[in-house]
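In: Please find the sequence and the predicted model below.
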Amino acid sequence: MKTFMMTALAAAMASSVAVAEVTVPNTFVQGANAVAEDVNANFQALAAAIDESNSRISALEEQLEAAKSLDVSGSNYAVQSSSASVRIRDANPSGADDFPRWGVELFSEKFSLTFNADTDKTATLEFEIEQEGDLDNGFRLSIEEDSEPVTETLYWNQEGNRLQVAESLGGEPVVEFVVVEGASVIYSADTESVRNENLGHIGCGEQGFDTCYEDYFDNGTLVGIRQASVQ
């Protein structure tokens, strides 16, 4: 009976742990006396398998926590910024104007952004390339490109999945990102439109002596992909 109970206990322990495969060094048969040394060896094998299983579970739990984390501290992101703007200026805020001026602006920028894990929560922006295209009402297209390296120090603050970046410590944010679960992606999107804004100066109309009004629509998107941790 003693031998049977030990064998059953060993089998129960083996089935209670999530391991790929457990091999015990000794096998017992019904009616044979169990040697304590052999039983202990079996338990030691099971204990080793349990320890390995616990280590695997702990590693998986750490990976799950990392996958749910929103913390960007110490992370570097490759950011792509794109925006489009459409503007029309004329002298008639309430109807059609025979002499409107319009323009379309397209803007693209690439830079890296590192959220440093320091006391002041500084962020290092390293500019890579900027491209801008303008199409005016004469259907003239101008394209400009700037790839001169520029490094700026900004400041960041995070509450949950909201990540704000400012130009000065404690200053007003210039952009607010949303952090995706796992902090692998940050993004920001903004749209603004205005109709009949009085620009406060003349220069519109047939003779160019009328006050100018402007309608515009702006849309911009920033997306950052985490590249590495700098901690």
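Out: All right, it came through fine. Keep in mind the model is a prediction, meaning the values are calculated, not measured.

In: and whichever strand or helix holds I50, what does it pack onto?
Out: In this assignment (DSSP states H and E), I50 forms part of helix 36-68. If contacts are counted by 3 or more CB pairs under 8 Å, 6 or more residues apart in numbering; DSSP states H and E, helix 36-68 sits against helix 2-15. Glycine gets a C-beta too; all of them are placed from N, C-alpha and C.

In: for the helix holding I50, which positions count as buried?
Out: Within helix 36-68, the residues that count as buried by 16 or more other CB atoms under 10 Å are V39, N42, A45, L46, A49, I50, S53.

In: Each with direction, which strands does the next helix or strand along the chain from that helix pair with?
Out: The helix or strand immediately downstream of helix 36-68 is strand 75-90, counting by DSSP H and E. Within its sheet, strand 75-90 is paired with strand 101-115 (antiparallel), strand 210-229 (antiparallel), according to DSSP bridges.

In: mind checking which of those is nearest V79?
Out: Nearest to V79 among those is strand 210-229 (4.1 Å), distances taken as CB to CB.

In: Give me the below-cutoff pLDDT ranges for the protein.
Out: Where the chain drops to pLDDT under 70, the residues are 1-21, 62-68, 95-98, 229-231.

In: what secondary structure does the residue located most distally from the centre of the chain sit in?
Out: Relative to the centre of the chain, and counting by CA atoms, centre = their mean, the farthest-placed residue is G31 at 64.4 Å. Assigned by DSSP: H, G, I helix; E, B strand; the rest coil, the conformation of G31 is coil.

In: which of the buried residues of helix 36-68 sit farthest apart?
Out: Spanning the widest gap among these are V39 and S53, at 21.0 Å by CB to CB.

In: Leaving out sequence neighbours, find the closest residue to the residue nearest to the spatial centre of the chain.
Out: Centroid-nearest residue in the chain, with CA atoms, centre = their mean: V185, separated by 2.0 Å. Closest residue to V185 apart from its sequence neighbours, by CB to CB, 6 or more residues apart in numbering: I225 at 6.1 Å.

In: and if you look at Y77?
Out: Y77's closest residue in space is G224 (CB to CB, 6+ apart), at 3.5 Å.

In: which ones are touching the one you found?
Out: Going by CB atoms under 8 Å, 6 or more residues apart in numbering, G224 touches Y77, A78, V79, Q80, L113, F177, V185, I186, Y187.

In: Which of the residues you listed are buried? Put it as a ChimeraX command.
Out: Of the contacts of G224, the buried ones go into a single ChimeraX selection, burial set by 16+ other CB under 10 Å:
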select :77,79,113,177,186,187
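
In: which one among the contacts of G224 gets closest to R87?
Out: Nearest to R87 among the contacts of G224, with distances taken as CB to CB, is Q80, at 23.7 Å.
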